[in-house]
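Novice: Mind looking at a prediction? Sequence and model below.
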Amino acid sequence: MKKTGSFAIDSTSQKGSMIKKSLPGILVSLIIIGVLLYFVDFDELLTSFRNVSAILLVEIFLLQSIAFVFRSLAWRVILDGEPSLAQGFWTITEGYLLNLLPLRLGELGRAVIMGGIVRRSPFYVFSTVLLERLFDVIITLIMLISTVPLLSGSSFSVSTYYILFAVILIGLVVVFLITRNQASFLKLLSRILKPDSKIGLFVLPKIQSLLGGMEILSNPRKFYKWLFWIFMTWCCWWLTLIIGMRFFFPQLPIWASFFTQSIGALGGAIPSAPAGLGVVEGAYVFALSLFNINQSRALAFGLLMHAIGILTPMIWGIIGFSIQGQKFSEVFKGLQNTDLSEKGN
């Protein structure tokens, strides 16, 4: 009985902690939603939705689904082909589904699930996910700084343009050099952090495992193959925005979709309510306002793109959990009990 009571107390405290961590994001979402509702013309919003065709919805859904397939192919490369294409696809969509929930545990969830499938340390698998996300950020920033100068009236200076590109390039070079010289880097780090100290015992195995997942950077042939599938993933995502914006705003140039997508991606990274409610739509409205698109039409576009962006991983993720015989509770338990200090094999 004592164990049951203790479990109930722990469960309650965990829920309370989760709510506290989620509150700032929920507050941000509520503020943005309130601002959007204040400026929106609901009649115009509904009119924009009435023109949406089923073909458009199917096209966007299929493109986003294919993007997950390409994502799986990229993951198979970095994991030496250990997971099957299906296992990679289901695990990725499960991760994106988990990202729709509070605390956004999708990346860690993917690591725990795939770690069990390929029998590797979840932290090693997590390092491969981090590498994937790193390149997502790089591509997003490249899209942003490439399109901002094209905006009418932009005060984006040439020097700032070069500085941003230089920062990205230097960061990539540093990561590449560390990956190519792991032994020397770890030796240097061991001198700074004594391996027998508490900090050393905690940090060094994690860094070693993290670098293990980035070894692909030291293998050009493998890296280019991985990068090809990452690029194909982004091609699908680009097409979804291009098709969507061509339908809603045919007068805008194609590069406007790249700018809007980069702002939407950065907006989605802001702390928010589950599934990025409000902030993603707000980011789209802000981006499109720079092209003189009124808030109602921009919000209709944002709601549609975000809704399909939620439904696609939700559908495939739920199917994935069913097919792979996993449960949300098991994944969360795995996140709590997994020893991330294990070294990847």
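Specialist: Here it is on my side, so go on. Numbers count the residues shown, from 1 in each chain.
Novice: where does residue 119 fall, phi/psi-wise?
Specialist: phi 60, psi 50 (degrees, to the nearest 10).
Novice: center of this structure - which residue?
Specialist: By C-alpha atoms, centre = their mean, the mean C-alpha position of the chain lies nearest to residue 133, the distance being 6.2 Å.
Novice: That one reaches residue 108, doesn't it?
Specialist: No: contact status for residue 133 versus residue 108: not in contact, 11.9 Å apart, counting by C-beta atoms under 8 Å. C-beta coordinates here come from the backbone N, C-alpha and C atoms, glycine included.
Novice: Contacts made by stretch 244-256 with the rest, please.
Specialist: 48, 52-53, 56, 60, 147, 150, 242, 257, 260, 288, 291, 293, 297, 300-301, 304-305 (C-beta atoms under 8 Å, 6 or more residues apart in numbering).
Novice: now it: mean pLDDT?
Specialist: Averaging pLDDT along stretch 244-256 yields 95.
Novice: Okay, and the residue nearest to the centre of the chain sits in which element?
Specialist: helix 122-147 (DSSP states H and E).
Novice: one step back: wait, what's in contact with the closest residue to the residue nearest to the centre of the chain other than its chain neighbours?
Specialist: Setting aside the residues directly before and after it, residue 133 is nearest to residue 107 in space (C-beta to C-beta, 6 or more residues apart in numbering), at 6.9 Å. By C-beta under 8 Å, 6+ apart, residue 107 lies in contact with 95, 99, 126, 129-130, 133.
Novice: Give me the buried subset of those.
Specialist: 95, 99, 126, 129 (16 or more other C-beta atoms under 10 Å).
Novice: Out of those residues, the closest to residue 275 would be?
Specialist: residue 99 (8.2 Å; C-beta to C-beta).
Novice: show me the contacts for the closest one.
Specialist: Counted by C-beta under 8 Å, 6+ apart, residue 99 has contacts 105-107, 313.
Novice: Give me the subset of those lying in strands.
Specialist: Residues of these located in strands (DSSP state E): none.
Novice: Same list, those, but as CSV with pLDDT please.
Specialist: Converted to CSV, the contacts of residue 99 look like this (pLDDT from 0 to 100):
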residue, pLDDT
105, 78
106, 83
107, 86
313, 96
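Novice: which one of the residues you listed is nearest residue 328?
Specialist: residue 105 (10.1 Å).
Novice: buried ones in stretch 241-256?
Specialist: For stretch 241-256, by 16+ other C-beta under 10 Å, it's 241-242, 244-245, 247-249, 252, 256.
Novice: what's the farthest-apart pair in those?
Specialist: Distance extremes for the buried residues of stretch 241-256: the farthest pair is 247 and 256 at 13.5 Å, using C-beta to C-beta.
Novice: quick revisit: pull the distance from the helix holding residue 133 to the chain's centre.
Specialist: Relative to its chain's centre, helix 122-147 lies at 8 Å (C-alpha atoms, centre = their mean, to the nearest Å).
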